[in-house]
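Novice: Below: sequence and its predicted model.
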Amino acid sequence: MRRWRSDAACAQCGCNTRPGTMARHARRRECDVARADNARAAAEDSLEDYAFRYVPRTFRRWSAGSIGITALGSIAFLADFSIGASVGIEHGTNNAVLGILFASVIIFIVGLPIAYYAARYNLDLDLIARGSGFGYYGSSITTVIFAVFTCIFFALEGAIMAQGLHIAIAIPLPIGYFVSTVVVIPIVIYGIRALERLQFWTTPLWLALALLPLLWVIVSDPDAVSAFVAFTGASNGAVRFEAIIASAAVCFALTPQLAEQIDVIRAMPPRTRVNRRSWWASLMFAGPGWVLFSGIKQVIGVFLAVYLITRVDPDLGQQAAEPVRQFIALYESIMPEWLAIGLALVLVVVAQVKINVTNAYSGSLAWSNVYTRLTKTYPGRSIFIFFNLAIALGLMWMDVFSLISFVLSLYANVVMAWLVTIAADIAINKHVLHLSPTYPEFRRGMLRDWNPVGLVSVGLASLLSLAAFGGLFGEGPRPFSVLIAIGVAVITTPLMALVTRGRFYLRRQTDGIASPILDADGNPSGDRLRCHVTGYTFERPDMLASAERGAHGETQYVSSLALTLDASDQYVLPVEASSGEPSPGRTAEETRRSKERGG
């Protein structure tokens, strides 16, 4: 800030000001103080959430194995059983199982680079998206897509819990929807520490209740397995490619579960030579490997639906896709009805609380991230917990569960366009074309506000796939709409990077800090610097040099959180032309390639 020598002094801060400008200076100082107070409040409230920034080493005190168990605990949801049952009832066992397998392989491939970046650099999906083709504000669009996912799946899982309450203790469905919504609030308020404890202690109970009765039925009733293999579904047809893809399309809508896995695995400890095996094992199973467990549950869902239709009541129809009925029938085959209903209710409540605390937590982070970035104010994460839950409750009251296959098939088109674009940017643009910075930049001031690479890819892929899904190209391409989304995103993402020559990723090559952003092992540095706006110390990956110099002209540092909440741009460094110096996280070789491209 420029100082003027004068006999007059500012009433707010005591500094010398130019005569005649004291009132204006005082107002500016009040604004600065208000901004700093807002940033400090956000820092204090988000010390555990890290919705806008990198998760520091000082917070990541869990082992890699502990993080993996916590992340996998969130996939206890019962919607998998319902999704598998729905596609099985419609297309038959063979088509459904092949569709589930196809979707699982694609989801794993798409999820691997994204999950690796989250665990390696300790960032959530929104922060990864910023530097992977979308820009600082552009990633808000993808964050809204994810936030909507958390609402939809909270509604589906809450509806399943309400069905359990209705069957077991005759609670009306509308009241059950409300109960299943409010029950998660006390846990979600406390963030990831409470989630870690919940997932750790309830996972063994869930596994026992879900798997032991199933194994008993498979062993004791071989005819049930034979009926499962021979089941042809409502279409009563043989294996067809269209039916396989139609089954896969419903399963693809589960892909954003990866973002909820990332909200946990971003807390992974630094990868070192000592822990690299456990680190990689936890990443593979809790990151993209979640789909292995999800796919198995979907196949089990097909089995349970077929069991109900062929062994219990042939007239159940789509009601056989309700997990509550599936598990009651399973338990009744080996125990009295009253005990079967009681255990099924326990299973449903445990499973739904496990997943819906994650849905509500991740949704609150996503909504608060978007709101804070666009408005430069932080009202607190708790407000967005209730906002997220209100939308989910409204969807339940609208009976979204009855439209599960249609809603998920429709949503899958946009979901795959979004996640395939991010994965393609990481795998192709960063590591093959070297047009996207290898380090996943997320800090305001380092990024362009908007990047056409990701925005054009998602927009075009979504538009074409939704048009196909709606029948605008005729009935032939309709079953393959989600494949159109995937294919267009894979092609368009590197093509747009080539067309733009990577010019829209970074606005600066350096962040003004001399110390490296990565340590000797390639992990984000644990060095700490003081933010002159908030007064707090933050770790090196969270910091930039401030455009506002100190009282004696020295360099000051500003946190990414303070920049997120600053509407004045007074701390943001100016745009920097390529200077030939390696940027944070960039190697000299990457910078050389950038200069050769003219970027």
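Specialist: Good, I have the coordinates.
Novice: And for Arg271, the neighbour number?
Specialist: Residues lying near Arg271 (other C-beta atoms under 10 Å) number 18. No exception for glycine: its C-beta is placed from N, CA and C like everyone else's.
Novice: Apart from its chain neighbours, what residue comes closest to the most centrally placed residue in the chain?
Specialist: In the chain, the residue lying closest to the centroid (C-alpha atoms, centre = their mean) is Ala259, at 2.1 Å. In space, and not counting its chain neighbours, Ala259 is closest to Leu125: 4.4 Å by C-beta to C-beta, 6 or more residues apart in numbering.
Novice: With Leu483 instead?
Specialist: Leu483's closest residue in space is Ile245 (C-beta to C-beta, 6+ apart), at 6.5 Å.
Novice: mind checking how far the one you found is from Leu98?
Specialist: 10 Å (C-beta to C-beta, to the nearest Å).
Novice: Same check on Val349?
Specialist: 33 Å.
Novice: can you check Ala246 too?
Specialist: Counting by C-beta to C-beta, the gap between Ala246 and Leu98 amounts to 11 Å.
Novice: Among the two, which residue is more densely surrounded?
Specialist: Legend: neighbour count by other C-beta under 10 Å for Ala246 and Leu98, higher for Ala246 (24 against 19).
Novice: Run through the residues that contact the more buried one.
Specialist: Shown in contact with Ala246 (C-beta atoms under 8 Å, 6 or more residues apart in numbering): 87, 90-91, 95, 99, 409, 479.
Novice: Just the closest of these to Ile185, please.
Specialist: Ser409 (31.2 Å; C-beta to C-beta).
Novice: per-residue confidence for the nearest residue in space to that closest one that is not next to it in sequence?
Specialist: Counting by C-beta to C-beta, 6+ apart, Ser409 lies nearest to Ala249, which is 4.8 Å off, once chain neighbours are set aside. On the pLDDT scale, Ala249 is placed at 88.
Novice: Sketch out the low-pLDDT regions of the stretch 51-200 of the chain for me.
Specialist: For the stretch 51-200 of the chain, the stretches flagged by pLDDT under 70 are 51-52, 73-74, 190-200.
Novice: is it true that the residue nearest to Leu483 lies in a helix?
Specialist: Yes. Under DSSP: H, G, I helix; E, B strand; the rest coil, Ile245 sits within a helix.
Novice: Who are the contact partners of it?
Specialist: 99, 102, 479-480, 482-483.
Novice: Contact partners for the residue nearest to Ala259?
Specialist: So Leu125 contacts 114, 118, 142-143, 146, 258-259, 262, 422 (C-beta under 8 Å, 6+ apart).
Novice: Pick out whichever of those sits closest to Leu389.
Specialist: Among the contacts of Leu125, and counting by C-beta to C-beta, the member closest to Leu389 is Phe146, at 16.2 Å.
Novice: quick one, phi psi at the closest one?
Specialist: Backbone torsions of Phe146, given as degrees, to the nearest 10, read phi -70, psi -40.
Novice: since we're on it, how many residues are nearby?
Specialist: The number of residues near Phe146, taken as other C-beta under 10 Å, comes to 28.
Novice: What is the helix or strand in which Leu347 is found packed up against?
Specialist: Assigned by DSSP states H and E, Leu347 belongs to helix 337-375. On a contact count with 3 or more C-beta pairs under 8 Å, 6 or more residues apart in numbering; DSSP states H and E, helix 337-375 meets helix 139-169, helix 185-188, helix 192-220, helix 257-265, helix 323-332, helix 381-397.
Novice: could you dump those to TSV with distance to Val415?
Specialist: Listed next are these as TSV, based on distance: least, C-beta to C-beta, whole Å:
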stretch	distance to Val415
helix 139-169	7
helix 185-188	23
helix 192-220	23
helix 257-265	10
helix 323-332	22
helix 381-397	17
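Novice: Out of those helices, indicate the one that is most buried.
Specialist: helix 257-265 (a mean of 27; mean count of other C-beta atoms under 10 Å).
Novice: Does the helix or strand following it pack against any helices or strands, and if so which?
Specialist: Using DSSP H and E, the helix or strand that follows helix 257-265 in sequence is helix 276-286. Contacts defined by 3+ C-beta pairs under 8 Å, 6+ apart place helix 276-286 against helix 64-73, helix 93-121, helix 257-265.
Novice: Which strands or helices does the helix or strand that comes right after helix 276-286 pack on?
Specialist: Counting by DSSP H and E, the next helix or strand C-terminal to helix 276-286 is helix 290-307. If you count contacts as 3+ C-beta pairs under 8 Å, 6+ apart, helix 290-307 packs onto helix 64-73, helix 79-91, helix 93-121, helix 192-220, helix 222-230, helix 257-265, helix 323-332.
Novice: So which of those helices is nearest Pro541?
Specialist: Ranking the helices and strands packed on helix 290-307 by proximity to Pro541 (C-beta to C-beta) places helix 93-121 first, at 7.7 Å.
Novice: How much space separates the residue nearest to Leu483 from Val105?
Specialist: 13 Å.
Novice: Where does pLDDT dip in the stretch 251-400 of the chain?
Specialist: Looking at the stretch 251-400 of the chain by pLDDT under 70, you get an empty list.
Novice: Let's see that with 90 instead.
Specialist: Counting by pLDDT under 90, the stretch 251-400 of the chain contains low-confidence ranges at 251-264, 267, 273-274, 285-286, 293, 307-366, 368-385, 398-400.
Novice: Return the residues in contact with Leu173.
Specialist: Here Leu173 is in contact with 162-163, 166 (C-beta under 8 Å, 6+ apart).
Novice: again, 7 Å this time
Specialist: 162, 166 (C-beta atoms under 7 Å, 6 or more residues apart in numbering).
Novice: what about it, distance to Asn356?
Specialist: Taking C-beta to C-beta, one finds Leu173 at 17 Å from Asn356.
Novice: same check, this time on Trp279
Specialist: 29 Å.
Novice: So for these two, which sits in the more crowded spot?
Specialist: Asn356 (30 against 22).
Novice: pretty sure that one contacts Gly158?
Specialist: Yes. The criterion here is C-beta atoms under 7 Å, and Asn356 meets it with Gly158 at 6.3 Å.
Novice: List the contacts of the residue nearest to Gly99 when sequence neighbours are not counted.
Specialist: Nearest non-adjacent residue to Gly99, counting by C-beta to C-beta, 6+ apart: Ser247, 2.6 Å away. Ser247 is in contact with 87, 91, 95-96, 99-100, counting by C-beta under 7 Å, 6+ apart.
Novice: Reformat these into CSV and put distance to Arg540 and neighbour count next to each item.
Specialist: CSV is the format used below for the contacts of Ser247 (distance: C-beta to C-beta, whole Å; neighbours: other C-beta atoms under 10 Å):
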residue, distance to Arg540, neighbour count
Val87, 48, 34
His91, 52, 27
Asn95, 52, 27
Ala96, 49, 33
Gly99, 46, 25
Ile100, 44, 29
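Novice: related to what we said a few turns ago, so for Pro288, which of the helices and strands packed on helix 290-307 sits nearest?
Specialist: helix 93-121 (3.4 Å).
Novice: now the closest one against helix 64-73, angle please.
Specialist: On the basis of axes from the mean of the first three to the mean of the last three C-alpha atoms, to 10 degrees, helix 93-121 is oriented at 140 degrees to helix 64-73.
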